[in-house]
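Chemist: mind folding the following:
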Amino acid sequence: MLIEQFEDKNLAHYSYAIMSHGEIALIDPARDPRPYYDFAKLQHAKITAVIETHPHADFVSSHLEIYKTTGATIYVSGLVGAEYPHQTFDEGDAIVLGKITLKSLNTPGHSPDSISIVTIDENDKEQAVFTGDTLFIGDCGRPDLRENAGTIIAARTDLAKQMYHSLRSKLMTLPDNVMVYPAHGAGSLCGKELSEQTRSTIGAEKISNWSLQNMREEDFVKELLADQPFIPKYFPFDVAVNKKGAETFSLSISSVPKRAPVTCQACVKSLNPDILIIDSRPQSHFKKAHLKNAINLMNDTKFETWLGSIVNPGEKFYLAAENETVLDQLIERAAKVGYEKQIELAFVAEYGNAKMQSIDIDELIKNENTFTIIDIRNDSEIKTGKIFTNAIHIPMHELRERTNEIPVNKPIVVHCAGGYRSAAGSSIIRSKLNDTPQVFDLGEKIKQFQK
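Modeler: Numbering: from 1, shown residues only. You can find the predicted model right below:
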């Protein structure tokens, strides 16, 4: 048996290929199936099965495309209500893959329809468990994503209770030497304390993972529900997409309309002023010149997460980049969260008649009360303390809907923790308030004020 782990660092997502005697089963594949085809070709093996541990909220899966391309059977819990061709795979069901067996365990908690997959070798020994979003390294899955999404909706408290029992009655009963392969690592919004480690064992997790410690159900539920990350706008949308099955990746991204670089005022007039512009260029370029009302969401590791947190599902937007190569990359990244069909037009930005002025940092240091300061960090970050005493806190993922709460009698300064989000946040506020009053991005200068 060979287990290959694939990582999408931007989404902190792990997917897997399990191979035995020329047959491959894929678990929780990412939107782009090409790496799995390349692996199968390299191993001279055939993909015969695709297993979904649940309908994912944070990325779009390629399970339907792989089925159409290879003929592999898709396996998923019957509780999902999947709308694509599939075989139900629940407790007591098993798949023979070469000389090994894959066994399903129903492990609700992150979602009502979550399963984990146990691999059993030719000697009838349990070797590994693929835990999806149920058990992570150092944490377990959040239980608050299925209150308004999926075939089965469930209250977070009820799912937290199910998680308590899934961990203890299903996963902790496996032998200590069984390898643990989760669907996510550090940086994922599907949990809150995920480790940088990419794999572990049941025995190691029993020692170090808070969620597997000896505690009462009510204490577990309270701890699990506390301080979970925010829920991006796109999460319920992706659950629905994965329940149905996504379009072919290559065809979908190739259908995104593109045009020659926007180089002049005449080009700008051809754009619909009511459609949002996502400008992914570095903030230094954006501040010098950009299109009016554009949002500066830079090309960074969390681009797709913040795109799906700022832009609503179904909302059209223009996508601008510094060159053709970056533009193509960002179209693919938008497709990973199912947003490629919302791109009205993609283009290289080479013109802009709007600018952002730099703040006089000495003036802010001398008298911060002459400014309205907007802190766009997340709730969990605010709990560690404010950086500016009189700052107004509006998390960035809520900013477009809450700019009416911002006073306009003073110049506005926007800050986050390091500078990436404040570039987007300041441009959101500026576009919403039409640059009255003046809006400044504190950017990386925030570090001068952090203790």
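
Chemist: going forward, measure contacts between C-alpha atoms and count neighbours the same way
Modeler: Will do.

Chemist: what is the end-to-end distance of stretch 259-273?
Modeler: 17 Å (Cα to Cα, to the nearest Å).

Chemist: so what's the residue count around the closest residue to residue 192 other than its chain neighbours?
Modeler: Leaving aside its sequence neighbours, residue 192 sits nearest to residue 228 (Cα to Cα, 6 or more residues apart in numbering; 5.9 Å). By the criterion of other Cα atoms under 10 Å, residue 228 has 19 neighbours.

Chemist: do the same with residue 224
Modeler: Neighbour tally, residue 224, other Cα under 10 Å: 26.

Chemist: residues in contact with it?
Modeler: 142, 143, 160 (Cα atoms under 8 Å, 6 or more residues apart in numbering).

Chemist: from those, pick the one nearest residue 310.
Modeler: Set against residue 310, the nearest of those by Cα to Cα is residue 142 (21.4 Å).

Chemist: contact partners for the closest one?
Modeler: 109, 110, 160, 190, 191, 192, 224, 225, 228.

Chemist: ok, of those, which one's closest to residue 217?
Modeler: The closest of the contacts of residue 142, once distances to residue 217 are taken by Cα to Cα, is residue 160, at 9.0 Å.

Chemist: doesn't the closest one belong to a helix?
Modeler: Yes - assessed with DSSP: H, G, I helix; E, B strand; the rest coil, residue 160 lies in a helix.

Chemist: I'd say it and residue 219 touch.
Modeler: No - the criterion here is Cα atoms under 8 Å, and residue 160 misses it with residue 219 at 10.7 Å.

Chemist: what about the two, which has more around it?
Modeler: Comparing residue 160 with residue 219 by other Cα under 10 Å, the one with more neighbours is residue 160, at 27 against 9.

Chemist: contacting residues around the more buried one?
Modeler: By Cα under 8 Å, 6+ apart, the residues touching residue 160 are 109, 110, 142, 143, 220, 221, 224, 225.

Chemist: swap in 10 Å and give it another go.
Modeler: 108-111, 141-144, 166, 217-218, 220-225 (Cα atoms under 10 Å, 6 or more residues apart in numbering).

Chemist: now do residue 57
Modeler: Going by Cα under 10 Å, 6+ apart, the list of residues near residue 57 reads 145-146, 149-150, 189-190, 231-232, 234-242, 337.

Chemist: so what's it scoring on pLDDT?
Modeler: Note for residue 57: predicted pLDDT of 96.

Chemist: any idea how far it is from residue 102?
Modeler: On the measure of Cα to Cα, residue 57 and residue 102 end up 24 Å apart.

Chemist: which outside residues touch the host helix or strand of residue 207?
Modeler: Counting by DSSP states H and E, the element that carries residue 207 is helix 202-208. Under the criterion Cα under 10 Å, 6+ apart, residues 128-129, 135-139, 171-180, 209, 211-214 lie in contact with helix 202-208.

Chemist: what does stretch 265-279 give?
Modeler: 260-262, 286, 290-299, 307, 310-311, 315-322, 343-349, 351-353, 424, 431.

Chemist: in helices only, show me the residues you listed.
Modeler: 286, 307, 310, 424, 431 (DSSP state H).

Chemist: farthest pair in the residues you listed?
Modeler: 286 and 310 (18.2 Å).

Chemist: which pLDDT value does the model give residue 335?
Modeler: In this model, residue 335 carries a pLDDT of 98.

Chemist: show me the contacts for the closest residue to it other than its chain neighbours.
Modeler: Distance criterion Cα to Cα, 6+ apart; nearest residue to residue 335, sequence neighbours excluded, is residue 253 at 6.9 Å. Residues near residue 253 by Cα under 10 Å, 6+ apart: 247, 328, 331, 332, 333, 334, 335, 339, 340, 341, 343.

Chemist: can you check residue 114 too?
Modeler: Contacts of residue 114 by Cα under 10 Å, 6+ apart are 52-56, 76-77, 79-80, 90, 105-108, 131-134, 166.
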